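Participant: After the sequence you'll find the predicted model.
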Amino acid sequence: MDEDDTPRIDVRENAFLRVANVTSLTGTNGEELETKPVMALCRCGMSQNKPFCDGSHKRNGFDGSPADGEVKEKVLSYRGEEIDIHYSILLCSHAAECGRRLEAVFDQNRRPWIDPDMGSVEDIKAVVAACPSGALRYNLKDADPNHIEGDGVSIKIDKNGPYRVSGISLADAKFSDAATEKKYVLCRCGLSRHKPFCDGSHKDQGWSDEG
């Protein structure tokens, strides 16, 4: 194992994600992938051996830096009678778990698209728990906003999408005020303006694992 056996991810400049001491890595079809004490995961989107790095970042001149000055955090708050919901545009990876699980509350075809009074407190909390990126928080009245953090220590890979990370320390990363270090998503396509975090660019630009 590596160092003090603490699960951790290090973001290598213009290169890969160095993953240490993580034993749960789930592939795009839900299969458990073989893990090693130290792994290099692709974050440029060009490896021919995804999710593992094959050196394509170097051959293709990958720039892994964030687009400073282009993306600013914006948190929208939706007030309800019993519960408030807070949504960070910056953190959202567009996994759409919220709409699939509770469309009455999270309806992209409605304005405003979030209405806390259309669902129960427990159902809303369940959706916040399912949000992989930490973009959703909630608070009951007269309380501070809360995340519901991920379970266990794992990395799950979305098909044609990002790495969903739970319970793993991310070294030297600047988390936004609305983020949680216990649950976040990391860019796998190389297109995010908020690297190393995913901003949904894979979906906007039609990136795929086979591309």
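Facilitator: Yep, it's here.
Participant: Go through the longest helix along the chain and flag the buried ones.
Facilitator: The longest helix of the chain (DSSP state H) is helix 121-130. Neighbour counts over helix 121-130 (16 or more other C-beta atoms under 10 Å) mark 124-125, 127-130 as buried. The way it works is simple: take the backbone N, C-alpha and C, and place the C-beta from them, glycine included.
Participant: what's around the residue lying closest to Pro116 once chain neighbours are set aside, how many residues?
Facilitator: Nearest residue to Pro116, sequence neighbours excluded (C-beta to C-beta, 6 or more residues apart in numbering): Gly80, at 2.8 Å. Residues near Gly80, counting by other C-beta atoms under 10 Å, number 19.
Participant: Gly80: helix or strand, and which one exactly?
Facilitator: Under DSSP states H and E, no helix or strand contains Gly80.
Participant: Pull the contacting residues for it.
Facilitator: 115-117 (C-beta atoms under 8 Å, 6 or more residues apart in numbering).
Participant: so where's this structure shaky on pLDDT?
Facilitator: Along the chain, the model assigns pLDDT under 70 to residues 1-3, 68-72, 149-151, 211.
Participant: about what we covered before: quick check: of the contacts of Gly80, which has the highest neighbour count?
Facilitator: The residue in the contacts of Gly80 with the most neighbours, by other C-beta under 10 Å, is Pro116 (20 neighbours).
Participant: what sits against it?
Facilitator: 78-85, 105, 124 are the contacts of Pro116 under C-beta under 8 Å, 6+ apart.
Participant: Touching, Ala130 and Leu102? I think so.
Facilitator: No: with contact defined as C-beta atoms under 8 Å, Ala130 does not count as touching Leu102 (9.3 Å).
Participant: So Val19: helix, strand or coil?
Facilitator: strand (DSSP: H, G, I helix; E, B strand; the rest coil).
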